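In: I need the structure of the sequence given here:
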Amino acid sequence: MIRTKLLTSAVLLVVGAASVAAFAQTRTPVQAPKPRIDTNQDGYIDRSEAAAMPKLAGRFDTLDVDHDGRLSPQERPARKHALGGHRRMAAGVHARLKQLDSDGDRRISRAEVAGNPRFAERFDRMDVDKDGFVDREDRVDLAKERSGAWFTRADTNRDGQLSRGEFDAARSSRAQAMRSGDRKARTP
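Out: Got it, this is the predicted structure:
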């Protein structure tokens, strides 16, 4: 009698586990494949392919840095979920700096920015090491300076650490400044 009860319990346990597994498989959502913008799969996006995405089509000429009529993987805007906003912004800054670097030495001289009054007025501030060129080291030093200033503003109790509340308040303040267009306040 006990053996029969144990055998019955074991069979019910196996059947129950199989039922749960089958139910779980039926409940798994099936995701539709994402549409590919590079329809001919050549690794580039031309104008006709970009036309499928109005935002991309509107920015096509700006993104096409080498003006060859197609966007290479380096020229394409990064997807929001793949790269953070700062990395996308850095890629755009890099592309603009590359355009200014007319001699291709990876440094921007005062003469190279003469035709760009907005950059020319900020040149001295961006040339952190005061060598007459704005280069990668200057941009790295400037980023460290700005993030240090952001941290100092965010650390309201001056203990050298950011609590979750201080971080959230600083992030909220920066987001509000970005919405209002206040460039000075939103700088990290």
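In: average pLDDT across the helix or strand hosting Ser173?
Out: Using DSSP states H and E, Ser173 falls within helix 164-180. Averaged over helix 164-180, pLDDT sits at 84.
In: which strands and helices sit next to it?
Out: For helix 164-180, the elements it packs on are helix 136-154, helix 183-186, judged by 3 or more CB pairs under 8 Å, 6 or more residues apart in numbering; DSSP states H and E. In short, each C-beta sits where N, CA and C put it, glycine included.
In: what's the angle between that helix and helix 136-154?
Out: 110 degrees (axes from the mean of the first three to the mean of the last three CA atoms, to 10 degrees).
In: coming back round to it: the helices and strands packed on helix 164-180 into a markdown table, with extra columns for distance to His67, mean pLDDT and mean neighbour count?
Out: Shown next, in a markdown table, are those (distance: least, CB to CB, whole Å; pLDDT from 0 to 100; neighbours: other CB atoms under 10 Å):
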| stretch | distance to His67 | mean pLDDT | mean neighbour count |
| --- | --- | --- | --- |
| helix 136-154 | 25 | 87 | 14 |
| helix 183-186 | 30 | 54 | 11 |
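In: can you list these in CSV and add distance to Thr39?
Out: Formatted as CSV, those follow (distance: least, CB to CB, whole Å):
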stretch, distance to Thr39
helix 136-154, 37
helix 183-186, 38
